[in-house]
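Engineer: The following block contains a protein sequence and its predicted model.
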Amino acid sequence: MSSDNGTAGVPPPGGPRAWVIWALAASTFGYAFFQRVAPSVMVADLMRDFAVGAAVLGNLSAIYFYSYSALQIPIGALLDRWGPRAMISISIAVAAVGSLLFATATTIALAYFGRLLVGVGSAVAFVGTLTLVARWFPANRFAFLSGMTMMVAMVSAVGSQALLSRLVAITGWRTLMTGGAGVAAVLAAAIWLVVRDRPGTPAQRAADGARIESWSELRRGVMIALGSWRLWNIALLGASLTGPLLTFAGLWGVPYLKVRYGLNTADAASINSLMFIGWAIGAPVAGWLSDHIGRRKPPLMVAAFLNTALLAAMILIPSVPLGVMMVLIFLTGAAGAGMVSCLAVAKEITSPRIHGAVIGLVNCITVSSGALLQPVVGLVLDRFWDGTMENGARVYGLADYRIALGVIVAFAALALITSLLSEETRCQPVDADRQV
């Protein structure tokens, strides 16, 4: 018979129940990416139904990212205070309400509010999943499971775009988003019923000293973390590996490929998606490799070098055959996916009591890199625009794109410095006296 404070009756880390819990939590991150890409296949329908132009529609899509990024650090802190089970189930229920409100909106203001709630509800998914991974799996599987979680999201993004475009034509966007609300509601119920914050009996979980019991303790721990240059360095490394993906594949890759190779939009988008596919494959592989060799720093240095070199080849080399470009785009995604080790390092150099807040901070800076670089590239394009117009839209030349996209090559090169300064944890938590 187990005692309240003993370890008897606690399931082994990484057992079958842990995998079920991970799968449910990771599904919420997949759902978040479904919601991210959904507006891209509804553009004409949304503009018609709400009688708005492209600028308003762009804001309708972007409001998801604003709420998502802004909430990462506070949500990470709340995870440490209230636990991932309650936070994930409640947040995905909020996303369900937002999706339903969006689906039934009769005015653009209600549609905005619905998308805002979807962003708020999706914001917990990634950080919450990794918080559960840290508690339910051995330390030497964290990078691999981080990569697997990202793979779920990327597969959802690529698969959703292909499937949603067909479903919208059959059912209409309102029916589709109502169905999305139903899926979120089912996920919320399943997580509440199945997921637990950590292994063990209720008494053992209550006796676990890793949970923060006061707001002052949480605030003190977060402020210590925010003052750590080691944590900021690993966050910047993650951002410099991820920013090029969010900027190129997320916005500027399609027009660049159209101008460089004379492709139509559909073909350019298909080739551009190879970067997401490379990331989906590379993330779990990079995480597994780092865990397997028991090192964090060497894989991060290799990822930083390859990411920078491949981006430079894609953008700066004058003559690259289309077939070679496709390979470069795929490999760039795979190389950038090495950032999963950044999340592992952040966890290993900080106290378990603030893991949620720390992962939230790293994720916030990582996601914000796209929000920073996307408009910067646009500003550079406008700076070198020669005044050419076509069908009322500005036309940029290949030379303009090379100069503007050179910004993301320079940003990627930041990873070469930050990877050298990163800490080698040997895939284990550092000594308590060295923890942030």
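Structural biologist: Thanks, I have the structure now.

Engineer: The nearest residue to residue 283 once chain neighbours are set aside: neighbour count?
Structural biologist: Distance criterion Cβ to Cβ, 6 or more residues apart in numbering; nearest residue to residue 283, sequence neighbours excluded, is residue 147 at 3.5 Å. For glycine as for every other residue, the C-beta is placed from the backbone atoms N, C-alpha and C. Residue neighbour count, defined by other Cβ atoms under 10 Å, stands at 30 for residue 147.

Engineer: got it, and residue 400?
Structural biologist: Neighbour tally, residue 400, other Cβ under 10 Å: 21.

Engineer: Low-confidence bits of the stretch 51-200 of the chain, can you list those?
Structural biologist: For the stretch 51-200 of the chain, the stretches flagged by pLDDT under 70 are 53-58, 161-162, 165, 200.

Engineer: Go again with 80.
Structural biologist: Per-residue confidence for the stretch 51-200 of the chain (pLDDT under 80) gives these ranges: 52-62, 65-66, 73, 76-77, 80-81, 159-166, 200.

Engineer: ok, now the stretch 301-436 of the chain?
Structural biologist: 352-357, 371, 391-394, 431-436.

Engineer: that older thread, so the residue nearest to residue 283 touches residue 291, yeah?
Structural biologist: No. Counting by Cβ atoms under 8 Å, residue 147 stays clear of residue 291, with 9.5 Å between them.

Engineer: Next secondary structure after the one helix or strand residue 36 maps to?
Structural biologist: In the assignment (DSSP states H and E), residue 36 maps to helix 16-37. As assigned by DSSP H and E, the chain's next helix or strand after helix 16-37 is helix 43-50.

Engineer: Summarise which helices and strands that next one is packed against.
Structural biologist: Identification of packing neighbours for helix 43-50 by 3 or more Cβ pairs under 8 Å, 6 or more residues apart in numbering; DSSP states H and E yields helix 54-70, helix 108-122, helix 173-194.

Engineer: tally of neighbours for the nearest residue in space to residue 134 that is not next to it in sequence?
Structural biologist: Counting by Cβ to Cβ, 6+ apart, residue 134 lies nearest to residue 355, which is 5.4 Å off, once chain neighbours are set aside. Using other Cβ under 10 Å, residue 355 is surrounded by 24 other residues.

Engineer: Please identify which helix or strand holds residue 355.
Structural biologist: Counting by DSSP H and E, the element that carries residue 355 is helix 355-384.

Engineer: List the buried residues for that helix?
Structural biologist: Neighbour-count burial for helix 355-384, counted by 16 or more other Cβ atoms under 10 Å, picks out 355-370, 373-374, 377, 380-381.

Engineer: Ok, stretch 82-99 next?
Structural biologist: Quick answer for stretch 82-99 (16+ other Cβ under 10 Å): 83-89, 91-99.

Engineer: Does residue 326 touch residue 271 like I think?
Structural biologist: Yes. Using Cβ under 8 Å, residue 326 is in contact with residue 271, at 5.6 Å.

Engineer: Of these two, which one has the most company?
Structural biologist: residue 271 (19 against 16).

Engineer: what's in contact with the helix or strand containing that one?
Structural biologist: In this structure, residue 271 is located in helix 265-272 according to DSSP H and E. The contact list for helix 265-272 (Cβ atoms under 8 Å, 6 or more residues apart in numbering) reads 248-249, 253-255, 257-258, 261, 263, 322, 325-326, 329.

Engineer: Please apply the same query to stretch 223-242.
Structural biologist: Under Cβ under 8 Å, 6+ apart, the answer for stretch 223-242 is 300, 303-304, 307, 335-336, 338-339, 342-343, 345-346, 349-350, 354, 357-358, 361-362, 365-370, 411-415, 418-419, 421-423, 436.

Engineer: can you check stretch 153-170 too?
Structural biologist: 29-34, 36-38, 40-42, 45, 126, 176, 273, 276-277, 279-280, 283.

Engineer: Would you map the helices across the stretch 101-250 of the chain?
Structural biologist: Per DSSP state H, counting those that start in this stretch, the stretch 101-250 of the chain carries helices over the ranges 108-122, 125-136, 142-171, 173-194, 202-207, 215-226, 229-244.

Engineer: wait, which of those is closest to residue 72?
Structural biologist: helix 125-136 (6.6 Å; Cβ to Cβ).

Engineer: Show me what the closest one packs onto, helices and strands only.
Structural biologist: helix 16-37, helix 72-82, helix 84-104, helix 142-171, helix 340-348, helix 355-384.

Engineer: Put the alpha carbons of that helix into CSV.
Structural biologist: Output of helix 125-136 as CSV, limited to C-alpha atoms (Å, rounded to 0.1, in the frame of the first residue of the first chain):
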residue,chain,number,x,y,z
ALA,A,125,-1.9,24.7,-26.2
PHE,A,126,1.8,24.6,-26.9
VAL,A,127,3.1,25.7,-23.5
GLY,A,128,0.6,23.6,-21.7
THR,A,129,1.6,20.5,-23.7
LEU,A,130,5.2,21.0,-22.9
THR,A,131,4.5,21.5,-19.2
LEU,A,132,2.8,18.1,-19.2
VAL,A,133,5.7,16.6,-21.1
ALA,A,134,8.1,17.9,-18.5
ARG,A,135,6.0,16.3,-15.7
TRP,A,136,5.0,13.0,-17.3
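
Engineer: what angle do it and helix 142-171 make?
Structural biologist: 140 degrees (axes from the mean of the first three to the mean of the last three Cα atoms, to 10 degrees).

Engineer: contacting residues for the closest residue to residue 304 other than its chain neighbours?
Structural biologist: Spatial nearest neighbour of residue 304, excluding adjacent residues (Cβ to Cβ, 6+ apart): residue 415 at 3.6 Å. Residue 415 makes contact with 237, 240-241, 303-304, 307-308, according to Cβ under 8 Å, 6+ apart.

Engineer: any idea which of those residues has the most stuff around it?
Structural biologist: Greatest neighbour count in those, by other Cβ under 10 Å, goes to residue 237: 32 neighbours.
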